[in-house]
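In: What would the 3D arrangement of this be:
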Amino acid sequence: MTQRALDSSGGQTPGRGEHSPDTSRSSRNPPASRQAGIDAGAELDPVHPVDPPPARRSAGLSAAEVAERVARGEVNDVPVRSSRSVAEIVRANVFTRFNLIIGVLWVIMLFVAPIQDSLFGFVIVANTGIGIIQEWRAKRTLDSLAVIGEAKPTVRRDGVAAEISTSGIVLGDLVELGPGDKVVVDGTVAEADSLEIDESLLTGEADPVVKRAGDQVMSGSFVVAGGGAFTATKVGREAYAAQLAEEASRFTLVHSELRSGISTILKYVTWMMVPTAIGLIISQLVVKDTDFKDSVARTVGGIVPMIPEGLVLLTSVAFAIGVVRLGRKQCLVQELPAIEGLARVDVVCLDKTGTLTEGGMDVSEVRPLNGGDEAYVQRVLRAFGSSDSRPNASLQAIVDAYPADGGDAGGSGADGGGTGTGDAEAWTVTDAMPFSSARKYSGAAFTEADGTASAWLLGAPDVLLSEGDPVLGQIEQLNEQGLRVLLLARVPGGAPAAPGAADEAVPTALVVLEQRLRPDAGDTLAYFADQHVAAKVISGDNAVSVGAVAGKLGLAGAENTLDARRLPSDPDKMATAMERNAVFGRVTPQQKREMVAALQSRGHTVAMTGDGVNDVLALKDADIGVSMGSGSEATRAVAQIVLLNNSFATLPSVVAEGRRVIGNITRVATLFLTKTVYSVLLAILVVCTQVEYPFLPRHLTLLSTLTIGVPAFFLALAPNKERARPHFVRRVMRYAIPSGVLAAASTFATYLLARHHYSGAGALEAETSAATLTLFLVSMYVLAIIARPYTWWRVALVAAMGLGFLIVLVVPWLQDFFALRLVGTVMPWAAVGVAAAAAVLLEFVWRWVGRRFGA
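Out: Prediction:
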């Protein structure tokens, strides 16, 4: 019996499902009925093509050949990097510029001062340990999820096709390809069945390249239509994509305003710290004629608090804990700053299928046109279902409704099942044209049971029909109900891929598909609307149909639909159309990319979700790309966030996690930088007035722990639903600089008053204690402002820090340990009065800044 015409090198085995314009994903395997027939060795239904005889296809490597190549090291051993290695994590947390400075000062203090003046070193060790542990936890989460989401290419060995890990491929392996599959290693095409490959991620060329036997394929490209197989010629680090990966690790590709802002702050701090520290050293060690060890201790006490040592740690910990939290929800964050990026998004572009609707569809009706015979149409559809061994979601619905055995698969569109197909009615596939997102239709040619040749197209009615065709009116009514409609059309010439075949096609029937809405999609759209994030539905389907689906889910502006074929090509006009409309239909893959760029040109931060091969280019160009776990290998590879549970409803969790990180780090950064500002100013005042520095390291260790370290840890990890706002550095410095100036001024004023009030032995300790009290109270007021809005635990946190300082002041051995003893009543109350005045000024300044510049 004649089987389907194949390319010169043979056929293809069942594999990954193709993606329709709405990017749904179907099962990787052929229908169970077909597979059962093959497995049992039973006579195959003649409408289904099968793999050609062994003589016409390669069996791939044998087990012995694979073992031989493994022994020679010819394996694809490139490690998948979803996170930093343990060594990199340790190195990044330990070997920092500020750790080096603090480490040197710590060693000096261990030799010249009591252990309590060296406590700051132990705090740094503890902080570094916490940072390493949290990042390691995040790494474990990322790596375990990466294994779940890893691409599993299909490799043919000993004539049997099986999925294996990418790292299991060896030189000479025969790797099968289907729509949406990523080319994981370099190779030469061995089999091609209308194989079209997109190399735009490598070459920048937008148009897919048709590949034939003998052509080269490069790793990093992906299949957009057809199928085939290639022989691996370069594996491991020799492969093209692996060489690119060596140059740019995936770990830090996303821009992070938090990280770049903190780097900018640390650069400014270094510039301020170096000359100030030099001046302090000279004034305390050279000019002042006091005890050398005490001078060293006070000099170190002035330098250490200038360093915001915990800020970088808390940022890393906040990101790492975010990764772990999202990992529990089956959300793989492939680049850590993507958590922050999604929280800053103000436009999210959604693909309909797989996002608003579930992947599968059901045939609800078949409507013959022009008096056509419904039984004949059903036979055509049954044969059409056999023309593609990797059907997309639409074709899979047809296969399910009109199965190969002629029975009713339960689809209502069969109207009770359709007629049986015995040998007398055997149809043979002679040619096939797989679906393409750019083309919007697929095709097939058959030899019918009576020997008649026929060719057919199946796809978008508004692409195959001429404008003004009366059938479009029927389709419009169906689309308004949210139904998806395909047109079956006969090609007179007998060749579906012939030039002009679509123009000459004769409409034969409408196939009406019912889409399954995701139960959680409506709530997710409502969340984005509430957060003032504009949702744009971008689909390859009919715009009216997509709009009806979006309307059912409550999308604001769903009635504002636009057919992308009428979208202006000018970027500025396109951006205007994108802002005015919410639903776009008949969008090509290249248009998706242009739409993302148009929105970005207006200053929008854009997230793109998708699961199909036609989403890859847009996902790559968007500020944040989000892929479904069941999406094609290519989409998972370029996305920064992969939703392994395929649930669009997970996105609000990612946004919330990002907002928690951004909002809380902004809070604690203000705390840390307030300390840096007052430390630098105090040092400058000491140098200018030529007095002893008022504090020993133990005093500032105590203050930092109670007013910054412990509260910052809780505040950094607390829930925070504030909207993410730009200009991180500017917003932090607006508050940190006036707070630091007031803290330094009030503390130094108290210190000078105490120098005039106290005299004799123990005067310096009394002066230090009074200055410490003022600095603690002002710092506590800064903490109280930052902790707003108050909740019970925030009030308890601030109160607990105040209680801790009070305990130090009243417990004798703690007074001795920290060298804090308030002498008399006049100066302590004066210190409280100065702190109260500073608090009033602080409140006024914070409110003025909030009104003048915004929160």
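
In: all contacts plus neighbour counts: C-alpha atoms, from now on.
Out: Fine.

In: Show me the helices in the stretch 501-650 of the chain, by range?
Out: Counting by DSSP state H, counting those that start in this stretch, the segments of the stretch 501-650 of the chain that form helices are 501-504, 521-530, 543-552, 571-580, 589-601, 616-621, 633-638.

In: Of all those helices, which one is nearest residue 306?
Out: Proximity to residue 306 (CA to CA) singles out helix 589-601 among the helices of the stretch 501-650 of the chain, at 39.1 Å.

In: What angle do helix 571-580 and that closest one make with each other?
Out: 90 degrees (axes from the mean of the first three to the mean of the last three CA atoms, to 10 degrees).

In: Distance from the chain centre to helix 589-601, please.
Out: Offset of helix 589-601 from its chain centre (CA atoms, centre = their mean, to the nearest Å): 18 Å.

In: Packing partners of that helix?
Out: helix 571-580, strand 606-610, helix 616-621 (3 or more CA pairs under 8 Å, 6 or more residues apart in numbering; DSSP states H and E).

In: Now distance to residue 667, mean neighbour count and mean pLDDT too, for those, in TSV please.
Out: TSV is the format used below for the helices and strands packed on helix 589-601 (distance: least, CA to CA, whole Å; neighbours: other CA atoms under 10 Å; pLDDT from 0 to 100):
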stretch	distance to residue 667	mean neighbour count	mean pLDDT
helix 571-580	33	16	91
strand 606-610	26	28	88
helix 616-621	31	25	82
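
In: For the chain, name the helix or strand with the lowest mean pLDDT.
Out: One helix or strand of the chain scores below all others by mean pLDDT, DSSP states H and E: helix 32-40, with a mean of 33.

In: Not counting its own residues, what contacts the next helix or strand after that helix?
Out: Counting by DSSP states H and E, the element after helix 32-40 in chain order, helix or strand, is helix 63-71. The list of residues contacting helix 63-71 from outside it, by CA atoms under 8 Å, 6 or more residues apart in numbering, reads 75, 157-158, 170-171.

In: please redo it, this time with the cut-off set to 10 Å
Out: Defining contact as CA atoms under 10 Å, 6 or more residues apart in numbering, one finds that helix 63-71 is touched by 60-62, 72-76, 157-158, 168-173.

In: What pLDDT does the model give the residue of the chain positioned farthest from its centre?
Out: Seen from the C-alpha centroid of the chain, the residue lying at the greatest distance (CA atoms, centre = their mean) is residue 760, 64.7 Å away. For residue 760, the model assigns a pLDDT of 79.

In: likewise residue 84?
Out: With respect to pLDDT, residue 84 has a value of 67.

In: Poorly predicted segments of the stretch 601-750 of the chain, please.
Out: The stretch 601-750 of the chain contains residues with pLDDT under 70 at 612-614, 632-634.

In: now the strands: where do they sit in it?
Out: 606-610, 624-628, 641-643 (DSSP state E, counting those that start in this stretch).

In: Export those as CSV, with columns for distance to residue 664.
Out: Output for the strands of the stretch 601-750 of the chain, formatted as CSV (distance: least, CA to CA, whole Å):
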stretch, distance to residue 664
strand 606-610, 23
strand 624-628, 21
strand 641-643, 22
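
In: Quick check: which of those strands is nearest to residue 673?
Out: When the strands of the stretch 601-750 of the chain are compared by CA to CA, strand 624-628 sits nearest residue 673, at 30.1 Å.

In: Strand partners (parallel or antiparallel) of the closest one?
Out: strand 606-610 (parallel), strand 641-643 (parallel) (DSSP bridges).

In: Return the most buried member of the helices of the stretch 501-650 of the chain.
Out: The highest mean neighbour count among these, using mean count of other CA atoms under 10 Å, belongs to helix 633-638: a mean of 27.

In: ok, back up a step: residue 441 is nearest to which of the strands of the stretch 601-750 of the chain?
Out: So among the strands of the stretch 601-750 of the chain, strand 606-610 is nearest, using CA to CA, at 20.0 Å.

In: any idea whether residue 779 is helix, strand or coil?
Out: helix (DSSP: H, G, I helix; E, B strand; the rest coil).

In: roughly how far apart are it and residue 729?
Out: 21 Å (CA to CA, to the nearest Å).

In: ditto for residue 743
Out: 20 Å.

In: what about these two, which has more around it?
Out: Higher neighbour count among residue 743 and residue 729: residue 743, with 30 against 19, using other CA atoms under 10 Å.

In: Contact partners for that one?
Out: 674-675, 677-679, 681-682, 737, 749, 774-779, 782, 835, 838-839, 842.

In: Let me know how buried the residue nearest to residue 653 when sequence neighbours are not counted is, in neighbour terms.
Out: Leaving aside its chain neighbours, residue 653 sits nearest to residue 326 (7.4 Å; criterion: CA to CA, 6 or more residues apart in numbering). Per other CA under 10 Å, the neighbour tally for residue 326 reads 21.

In: ditto for residue 841
Out: Neighbours around residue 841, by other CA under 10 Å: 15.

In: Then the one 3 residues further on?
Out: Per other CA under 10 Å, the neighbour tally for residue 844 reads 12.

In: chain center to the helix or strand hosting it: distance?
Out: Element membership for residue 844 (DSSP H and E) is helix 826-853. The chain centre lies 43 Å from the centre of helix 826-853; the measure is CA atoms, centre = their mean.

In: For that helix, buried residues please.
Out: By 16 or more other CA atoms under 10 Å, the buried positions in helix 826-853 come out as 827-828, 830-832, 834-836, 838-839, 842, 845-846.

In: What residues does residue 652 make contact with?
Out: Contact analysis of residue 652 by CA under 10 Å, 6+ apart lists 342-343, 523-525, 527-528, 531, 658.

In: Just the closest of the residues you listed to residue 666, please.
Out: Using CA to CA, residue 658 comes nearest to residue 666 of those, at 12.2 Å.

In: Could you report the distance from that closest one to residue 319?
Out: Following CA to CA, the distance that separates residue 658 from residue 319 is 8 Å.

In: any residues in contact with both of those two?
Out: Contacts common to residue 658 and residue 319, judged by CA under 10 Å, 6+ apart, are 337-340.

In: Tell me the one of those residues nearest residue 538?
Out: Checking the shared contacts of residue 658 and residue 319 against residue 538 with CA to CA, the nearest one is residue 338 at 22.0 Å.

In: Could you pull up phi and psi at the closest one?
Out: Note on residue 338: its backbone torsions stand at phi -60, psi -30 [degrees, to the nearest 10].

In: and what of residue 452?
Out: phi -70, psi 140.

In: Before we move on, what's the pLDDT of it?
Out: pLDDT, residue 452: 86.

In: Neighbours of residue 72, how many?
Out: A total of 9 residues lie near residue 72 under the criterion other CA under 10 Å.

In: Can you check the pLDDT for it?
Out: pLDDT, residue 72: 89.

In: who's in contact with it?
Out: Shown in contact with residue 72 (CA under 10 Å, 6+ apart): residue 66.

In: Pull the distance from the strand or helix carrying residue 310 to the chain's centre.
Out: Assigned by DSSP H and E, residue 310 belongs to helix 309-327. With CA atoms, centre = their mean as the basis, helix 309-327 stands 16 Å off its chain's centre.

In: same deal with stretch 456-470?
Out: 38 Å.

In: In that stretch, which residues are buried?
Out: 456-465.

In: Which two among these are spaced furthest apart?
Out: Farthest apart among the buried residues of stretch 456-470 by CA to CA are 456 and 462. That separation is 16.3 Å.

In: on that earlier part again, kindly indicate which of the buried residues of stretch 456-470 lies nearest residue 502.
Out: Checking the buried residues of stretch 456-470 against residue 502 with CA to CA, the nearest one is residue 464 at 5.8 Å.

In: check contacts around the closest one.
Out: Contacts of residue 464 (CA under 10 Å, 6+ apart): 440-441, 457-458, 486-489, 501-507.

In: what's the most distant pair in the contacts of residue 652?
Out: Spanning the widest gap among those are 523 and 658, at 19.4 Å by CA to CA.

In: How about the contacts made by the residue most central in space within the chain?
Out: Nearest to the mean C-alpha position of the chain, by CA atoms, centre = their mean, lies residue 641 at 2.6 Å. By CA under 10 Å, 6+ apart, residue 641 lies in contact with 331-336, 338-339, 342, 609, 624-629, 651, 654.
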